[in-house]
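Student: Give the three-dimensional model of this entry:
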Amino acid sequence: MMNVAHYLDSTYLKTPQQSGISNEETLQKDKELAQEAIDHGIFAVMIRPDYVKEIRKYIQERNSNVVVGTVIGFHEGTYSVDEKLTEASKAIEDGADELDFVINYSAYLEGDTALVKDEFIQCTQLSLNHHKVVKWIIEIAALTDDQIADLTQKISTWATENFSESDLSRIFVKSSTGFYETTGGKPNGATFEGIKIMLDNAGKLPVKAAGGVRTPEDAEKMIRMGVQRIGTSSALALIKNQTSSEGY
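Tutor: From the prediction side, this is the model:
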């Protein structure tokens, strides 16, 4: 039987403003997320940078090896390279194990490939220098199929050209933030079609599917396709063989 929990990044990424609750209540939600991960063998928790330090402490106090991940340049991806490096450095200092950067897909769509390549190299180098896993969110809902293939391929090429082969397993391409606003009912997260395109073009880089994986069957299908991680706000439902009603 497949151990889906080992593939899951259990996620809570709403700011207090977005959820209409306080900082303290948000931290409490993150602690509950961490405790669920500890209790059920979930691989990682994925939270906002402001809460990394407290959640790292919470997990350490319970002698758990649950991984702490956070998001950088979230969710628009349009932060400058320096802003992303500063945010990432603070997250590393606070104890993050994994950094999920939103690539500047707006710059990519405008044809500024040089900027996108520069931020990829600098931010990936920072992460690898500190022995962290780095994931690059390309926001597939904002891209055409051809653009998904091209951007995934570019990331794979840049990684291969600039980092050692032993580093490639720690450089992911990730589908989505879960916060992109679509129209006409179009999915804003991972789809089987989009993930297949990513897998076909990622080369030696692992792929993370995020958002839209709401049933155990979907999760298992993604894993069988070749996905190595799944980001979900419904990790507990997935491992309890339930269908999620959550948006991410």
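
Student: give me the element the residue nearest the centre of the chain is part of.
Tutor: Geometric centre of the chain, nearest residue: residue 100, 4.6 Å, by Cα atoms, centre = their mean. In this structure, residue 100 is located in strand 98-102 according to DSSP states H and E.

Student: picking that back up, the residue nearest to the centre of the chain against residue 135, yeah?
Tutor: Yes. Using Cβ atoms under 8 Å, residue 100 is in contact with residue 135, at 4.4 Å. The way it works is simple: take the backbone N, C-alpha and C, and place the C-beta from them, glycine included.

Student: Name the residues contacting each of the two.
Tutor: Here residue 100 and residue 135 share the contacting residues residue 174, scored by Cβ atoms under 8 Å, 6 or more residues apart in numbering.

Student: just to revisit the earlier point, let me know the pLDDT of the residue nearest to the centre of the chain.
Tutor: Looking at residue 100, its pLDDT is 98.

Student: Same question for the one 5 residues further on.
Tutor: The confidence metric pLDDT takes the value 98 at residue 105.

Student: Quick check: closest non-adjacent residue to residue 170.
Tutor: Closest residue to residue 170 apart from its sequence neighbours, by Cβ to Cβ, 6 or more residues apart in numbering: residue 133 at 4.8 Å.

Student: Run a quick neighbour tally on the one you found.
Tutor: 21 (other Cβ atoms under 10 Å).

Student: what's the answer for residue 15, then?
Tutor: 13.

Student: pretty sure residue 40 contacts residue 236?
Tutor: Yes. At 6.6 Å, residue 40 counts as touching residue 236 under the criterion of Cβ under 8 Å.

Student: With neighbour numbers in mind, choose between these two.
Tutor: More crowded of residue 40 and residue 236, by other Cβ under 10 Å: residue 236, with 19 against 14.

Student: So which elements touch the helix or strand where that one lies?
Tutor: Using DSSP H and E, the element containing residue 236 is helix 235-239. On a contact count with 3 or more Cβ pairs under 8 Å, 6 or more residues apart in numbering; DSSP states H and E, helix 235-239 meets strand 8-12, helix 23-40, helix 216-225.
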